[in-house]
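What would the 3D arrangement of this be:
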Amino acid sequence: MIEMLKPDKQLIAGYYREHLQELRFYVMKRIGDAAESEDIVQDVFVRLLTMKRPVIANALPCLIFTIARNMVDSYWRHRRVVEEFGRCFCCRNCGDDAASEYSVREIEMVIERGLAGVAETKRRIYRMNVYDGMKVAEISQTLGEDYKRVENSLYETRKIVRNYVKKCSHEVFFHFFEKKSAKKFGGLKK
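Numbering: from 1, shown residues only. Modelled structure (predicted):
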């Protein structure tokens, strides 16, 4: 008979003891950073312990590796956005020194302008994640919201901010090259 459990801490603890190294290796192989992979492995078990749905003992390994895979995907998605964001703002005054960078405050202002059209609860969730460094589970617990609702709100808000930042970075990029070509060719063509 299949044993149905509402996150049975003993079952999860037993799996943790027996398969911790295997899961660490799985995450480490996909990320390459020991500290980050350790955080992800811990978050997998925290998420598992805070689940409200019953856990089937036979499906526990699949569930754990699915959660780990999703967290690794989220990690890379976040890294890609951070790297894109850093590249987008490599130009500060669009003509004098292309290698200068925006200050943190200027970047924060761009993000806040992108958040202006978002509902207050979604803004709060986004700020808690980005500025306070809170994970989805922590935000969910702090606000008393459902985990999936917080996760979806964060996803939607990230998408809105990402599109706004891309729009801003394209404007900066085109303005930069417009000024450069004007200097090079003796004026702007209208």
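
Now do Arg77 against Asn163, distance only.
Going from Arg77 to Asn163 by C-beta to C-beta, to the nearest Å gives 15 Å. For every residue, glycine as well, the C-beta is placed using N, CA and C.

let me fix that: Thr66
In terms of C-beta to C-beta, Thr66 sits 29 Å off from Asn163.

Following element in sequence after the helix or strand bottoming out on mean pLDDT in the chain, please.
Lowest mean confidence among the helices and strands of the chain (mean pLDDT, DSSP states H and E): strand 4-5, at a mean of 44. Sequence order places helix 9-31 as the next helix or strand after strand 4-5, per DSSP states H and E.

Could you check which helix or strand contains the residue nearest the centre of the chain?
Residue closest to the mean C-alpha point of the chain, counted by C-alpha atoms, centre = their mean, is His78 at 3.6 Å. Using DSSP H and E, His78 falls within helix 60-88.

so what secondary structure elements neighbour the helix or strand following that helix?
Using DSSP H and E, the next helix or strand after helix 60-88 towards the C-terminus is helix 104-115. Applying 3 or more C-beta pairs under 8 Å, 6 or more residues apart in numbering; DSSP states H and E, we find helix 104-115 packed against helix 120-130, helix 147-185.

Keeping just the C-alphas, turn stretch 16-24 into PDB.
Output in PDB follows, covering the C-alpha atoms of stretch 16-24 (Å, rounded to 0.1, in the frame of the first residue of the first chain):
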ATOM      1  CA  TYR A  16      18.200  13.700   3.700                       C
ATOM      2  CA  ARG A  17      20.700  11.600   5.600                       C
ATOM      3  CA  GLU A  18      20.900   8.900   2.900                       C
ATOM      4  CA  HIS A  19      20.900  11.000  -0.300                       C
ATOM      5  CA  LEU A  20      22.300  14.400   0.700                       C
ATOM      6  CA  GLN A  21      25.600  13.900  -1.100                       C
ATOM      7  CA  GLU A  22      23.800  12.600  -4.200                       C
ATOM      8  CA  LEU A  23      21.700  15.800  -4.400                       C
ATOM      9  CA  ARG A  24      24.700  18.000  -3.700                       C
END
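
buried ones in it?
Tyr16, Leu23, Arg24 (16 or more other C-beta atoms under 10 Å).

same check, this time on stretch 133-142
Quick answer for stretch 133-142 (16+ other C-beta under 10 Å): Met134, Lys135, Val136, Ala137, Glu138, Ile139, Ser140.
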